[in-house]
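1. Output the structure for:
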Amino acid sequence: MSASQKKARAPEKEAAVWHARLGSTSVATATVEEFFAWHAIPENADAYRRVDKVWRESGAHAADPVLARAVAEARSRARRRPSPGARSRTFIGLGVAVAGAVCLAVGGIVWQQSRGVYETELGQSRVIALADGSQVTLDTGTRLQVRMEKGVRRIWLDRGQALFSVAHDPTRPFIVQAGDTSVVAVGTVFDVQRKGGEVDVTLVSGVVDVASVASPARKTRMAAGNQARVSTAGVTTRAVDTRAETGWVRGRLIFEDTPLAEAVGEINRYLPQKIVIGDPSLGAVPVNGLFRTGDRDAFVAAARDALDLQATALADGSVRLTRRAK
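-> Model prediction:
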C-alpha cells in the first residue's frame, strides 16, 4: 500500500476505534466530548459512516477487507481493556450518539427515524436523528414518541427532558406536546422538561410559541434566552443563562442561587440512591456550584460544607441532609 493510501486509511482506523469505544457498556462524559470534536471534521464523519456500514452489513466485510479488519481489531482491543467510563463515577450510558448522523443505542445503531418511541434509563443520555434533519437529545429517565407526517412534525414528551435542534421547514411546523403544554417551532433550538405538573421550556435560539393544548389560540411567543414555565396558574417567563440550563447535555448541572430543594431534585434524577432533605426549612436555602450529573458525593460534600449541614447515610443507601446540631 502506498503512503497516500495509508494516509487515506487513517481516519477509517480512527473511526473503527471510536465505533468500538462507543459500543462499550458505558461511555465517559469526557469521551463523548472528545468524540464530538473528532466527528466535527468532515472526513472523520464520512469515515465513521463507512465503518458503521461495514459493521451493520455482514456482506460488506468481503467487499472491503482492510476496513473490516480495522473494525474487528478495534472491537477486540475494546473488549480486552477496561472502558474509561467504567472507572468514571459520572457517565453517559448506552445511547451516546453522533450529532446529526446516527444514534448509538442498545444493540447497535438507530438511523434517521420518521416515527417511533424512544426512552432512556436512569443515568443515560441518547441522541436521535430524525428523518427531517432535526436532532433530539434525551436526558436521563426520558420517554418520547415521534411521528413525522407530510404537513407536520410531532413529538410527545411523555416524561423527562429533551433538547430539540429543529431543521428549518416553514411548511411543516415542529410540535412538541408535554402533557397539556404544546410548543410550536419551525427551525430553532429549545429544551423542554416535564417537572410534575409543570413544564419548563428554554429557548436557546430562534422563536417558539408556547400554549395549552386546550387553548392553542392563547399562545405565548418566546424570545431566545428566555424560559417559560407552564403550570395550572398559567405561563410565566424569565431570562435565563441557556448554557447553564442545557448543561445536562454536556454532563453538567449548574446551580446559581438555586433553592436546595430544586437542586436536590435535579441531582436525584440521575441517582438510584437519592438525597433526602430531612429539614423542610432547608428547601429554600440557595446553593451555587457546578456538578457532574450523577456525582452525589461531590454535591453532598459541597452542600454540607457551604451550608453547615449534617449528611447521614441511611440503610437504603440514600443520604439525608439536616442542620448540624449546635
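2. Just the strands from the stretch 151-300 of the chain, written as ranges.
-> Ranges of strands within the stretch 151-300 of the chain are 153-159, 161-165, 174-178, 181-185, 189-195, 198-205, 208-212, 220-222, 226-231, 234-239, 252-259, 275-277, 286-292, based on DSSP state E, counting those that start in this stretch.
3. Turn these into a markdown table, including mean pLDDT and mean neighbour count.
-> Using the backbone N, CA and C atoms, a C-beta is placed for each residue, glycine as well. Rendered in a markdown table, the data for the strands of the stretch 151-300 of the chain read as follows (pLDDT from 0 to 100; neighbours: other C-beta atoms under 10 Å):
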| stretch | mean pLDDT | mean neighbour count |
| --- | --- | --- |
| strand 153-159 | 96 | 18 |
| strand 161-165 | 96 | 23 |
| strand 174-178 | 96 | 22 |
| strand 181-185 | 94 | 22 |
| strand 189-195 | 95 | 22 |
| strand 198-205 | 95 | 20 |
| strand 208-212 | 90 | 21 |
| strand 220-222 | 94 | 18 |
| strand 226-231 | 94 | 20 |
| strand 234-239 | 92 | 12 |
| strand 252-259 | 91 | 16 |
| strand 275-277 | 98 | 17 |
| strand 286-292 | 91 | 16 |
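4. between these, which gets nearest to V127?
-> Between V127 and these, the shortest gap by C-beta to C-beta is with strand 161-165, which sits at 9.1 Å.
5. partner strands of that closest one, parallel or antiparallel?
-> Strand 161-165 has the following strand partners under DSSP bridges: strand 135-138 (antiparallel), strand 189-195 (antiparallel).
6. Figure out how far the last one is from the centre of its chain.
-> Strand 189-195 has its average C-alpha position 11 Å from the chain's average C-alpha position, going by C-alpha atoms, centre = their mean, to the nearest Å.
7. Begin at 40 from now on, thanks
-> Let's use 40 as the start, then, which means that last one is strand 228-234.
8. any idea of the angle that strand forms with strand 213-217?
-> Comparing the axes of strand 228-234 and strand 213-217 via axes from the mean of the first three to the mean of the last three C-alpha atoms, to 10 degrees yields an angle of 20 degrees.
9. Between strand 247-251 and strand 228-234, find me the angle.
-> On the basis of the same axes, to 10 degrees, strand 228-234 is oriented at 20 degrees to strand 247-251.
10. Show me what strand 228-234 is in contact with.
-> Residues outside strand 228-234 that contact it (C-beta atoms under 8 Å, 6 or more residues apart in numbering): 178, 196, 198-205, 215, 217-218, 222, 238-245, 247, 281, 284-285, 304.
11. and with 6 Å instead?
-> 196, 198, 200-204, 215, 217, 239-244, 247, 285 (C-beta atoms under 6 Å, 6 or more residues apart in numbering).
12. The shortest one too?
-> Applying C-beta under 6 Å, 6+ apart, the external contacts of strand 174-177 come out as 139, 159, 165-168, 201-204, 288.
13. Throw those residues into CSV and include distance to V274, thanks.
-> Below are those laid out as CSV (distance: C-beta to C-beta, whole Å):
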residue, distance to V274
G139, 31
T159, 27
R165, 29
V166, 29
I167, 28
A168, 31
A201, 20
L202, 20
F203, 19
S204, 23
V288, 24
